[in-house]
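[1] Turn this into a structure:
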Amino acid sequence: MATILNKRDEVLAQLAADNKVFVMNSTEDLAGLFAIDQHMEEVNRDYQIKDRQSQLSAATVILTS
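    All right, here's what the predicted structure looks like:
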């Protein structure tokens with residue numbers, strides 16, 4: 001029989017005991033989250049461009065043995 005391991009409650013309790021749980025709903029927090037979202041969109045876009053270029057480059061390579 002499989003045993004399900006779920007340490008979520010233990011981790012949340014430990015974080016609360018260590019005072020590492022914060023509510024992030026101030027304007028500064030939201031501005032920081034928005035900046036992170038913008039940065040991640042740029043990173044994702046850059047990755048997609050590089051991936052597409054890599055696929056096109058790989059498609060044009062002639063393999064010889």
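
[2] Now do the strands in the protein.
    For the chain, no strands are identified by DSSP state E.

[3] where in it is pLDDT low?
    1, 64-65 (pLDDT under 70).

[4] how much space between the spatially most central residue of it and L30?
    In the chain, the centroid-proximal residue (C-alpha atoms, centre = their mean) is M40; its distance is 8.1 Å. Noted for M40: a distance of 16 Å to L30, by C-beta to C-beta, to the nearest Å. Placement of C-beta: from N, CA and C, glycine included.

[5] do the same with S57
    The value you get for S57 to L30, if C-beta to C-beta is used, is 41 Å.

[6] Ok, L5 next?
    Here L5 is placed at a distance of 35 Å from L30 (C-beta to C-beta).

[7] neighbour-wise, which of those two wins?
    Ranked by neighbour count (other C-beta atoms under 10 Å), L5 and L30 place L30 first, with 11 against 5.

[8] Return the residues in contact with the more buried one.
    M24 (C-beta atoms under 8 Å, 6 or more residues apart in numbering).

[9] what's the neighbour count on E42?
    E42, neighbours per other C-beta under 10 Å, totals 10.

[10] do V23 as well
    6.

[11] Select the longest helix from this structure.
    Of all the segments of type helix in the chain, defined by DSSP state H, the longest one is helix 27-60.

[12] Off-centre distance for that helix?
    In terms of C-alpha atoms, centre = their mean, to the nearest Å, the centre of helix 27-60 is found 11 Å from the chain centre.

[13] which parts of it are buried?
    For helix 27-60, the neighbour count (16 or more other C-beta atoms under 10 Å) marks no residue as buried.

[14] ok, now which ones touch K50?
    For K50, counting by C-beta under 8 Å, 6+ apart, there are no contacting residues.

[15] er, M24 actually
    30, 33.

[16] Quick check on it: phi, psi?
    M24 adopts backbone torsions of phi -110, psi 80, taken as degrees, to the nearest 10.

[17] State the distance from it to G32.
    Applying C-beta to C-beta to M24 and G32 gives a distance of 8 Å.

[18] Same check on R45?
    21 Å.
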